[in-house]
Structure formats: structure tokens, C-alpha cells
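Visitor: coords please:
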Amino acid sequence: MSIGHRLCEVLFATGKRAEAIELCSDILYNVKRVWGAIDTTTVLSYNLLSAMYTAAGSYDKAMELHVELLRETLAPENEDELVSVASGVILQQLKLLKRSYQRLGRWIQNPEEYLKLWDGFEELFDPTDDLWKGIDHIKSWTPKATGIQVNEGIGMWKAPGNWCFLLTDEEKKTRGRHACHLRSEDDD
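Guide: From the prediction side, this is the model:
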């Protein structure tokens, strides 16, 4: 996957944004079908595509991806992985959703849809749990005016510091592993 993601980034960095986004979207589609929506590699693909959409100014498409992944975490087939894997994914995607909302300045669907999604998480997790310490309730989110740090920070694609596709020893230590056990730990 490192090679595919890196190719997307090379295309994006060289101004071939449409090709990069299309390739990344195809990779996401295939990885999601093979490994599932909340597998580490799939989440990385979601995040890369979202970051590219954000850098291209397509905040609505980035928002759609975060909502899609958040809905996937609530899917019955992901129930067993919710505590071990999805809780981290949920917090990350909620933060990215909030930033997409702030960048766009509005919701792309009825606000009630987002409240229902939040309520789904509150049913599964105790609202006083540490999971929720990193983010305010969705009702308190406010859109920021366009131009206020919309081109910076969380969720924005930036060129990698190292363009190699092979991982360094440090990256191998911090990289997430597949939740799917169809292949060995040594497969990349």
C-alpha cells in the first residue's frame, strides 16, 4: 500500500490532482472491499483521500468521507472491533469532520443527521469516557469564516518529508497493523 499511496502523493504534488484523487479513490474502494472499512490501511486511505480533497478545496467531499467512515464504525459487522480499533478511529474522524465543517462553513446534510450519528456513539460509549475528552459535543461546533486557518493543520495534505516508500525502522514501530488476520505480520 505504501507504493500506491506514495504514487497518489507524487501525482498530487506534481499538479496532477485529479489523477491523484481518482487513483486514491480507487485504492480506497479496493482496500475497503478486501480489508474492511476500519482496517488500519483502509483508514489511512480514507485520510489520504480526504487530505487531498481538503488541499484541493473540496471540503464537502472530505466531509462526506469522514461521515462515511463514522457510519461504517457503527455498522453491525464492526461491532467486535469497536472498542479495540474503532474508538480511536471515531475520535480521529470526529476531529476531521469538525475541521471539514469549519472549513466549509456549513453542513452538507441536514444537521439532524450529524446529531443522530453522534447519538449512535453516545449509545455505545459512556459520554464521560476518556474517548470523548478530545472533542466537544457536536452541538457546540461552530463554522469558522473561510480563510481562518483553512489551509493549515489537521486534515490538510502536505508533502511527506521523506518520499521513500519503504518504511524506516521508526515508522515500522509506530505504524498500525492490519486488524484482518488473512495475512502474516510480515506482509506489507
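Visitor: what's near enough to touch residue 143?
Guide: 101, 102, 104, 105, 106 (Cβ atoms under 8 Å, 6 or more residues apart in numbering). All C-beta spots, glycine's among them, are computed from the backbone N, C-alpha and C.
Visitor: That one: helix or strand, and which one exactly?
Guide: Per DSSP states H and E: residue 143 is located in neither a helix nor a strand.
Visitor: Need the per-residue pLDDT for it.
Guide: Looking at residue 143, its pLDDT reads 85.
Visitor: now residue 135
Guide: Per-residue confidence (pLDDT) for residue 135: 78.
Visitor: Not counting sequence-adjacent ones, nearest residue to it?
Guide: residue 94 (5.1 Å; Cβ to Cβ, 6 or more residues apart in numbering).
Visitor: Which stretches in this structure count as helices?
Guide: Using DSSP state H, the helices of the chain run over residues 2-13, 17-35, 40-55, 59-73, 87-104, 111-124, 169-174.
Visitor: for the ones you listed, which one ends up most surrounded?
Guide: Comparing those by mean neighbour count (mean count of other Cβ atoms under 10 Å), helix 40-55 comes out on top with a mean of 23.
Visitor: which helices and strands does that helix pack with?
Guide: helix 2-13, helix 17-35, helix 59-73, helix 87-104 (3 or more Cβ pairs under 8 Å, 6 or more residues apart in numbering; DSSP states H and E).
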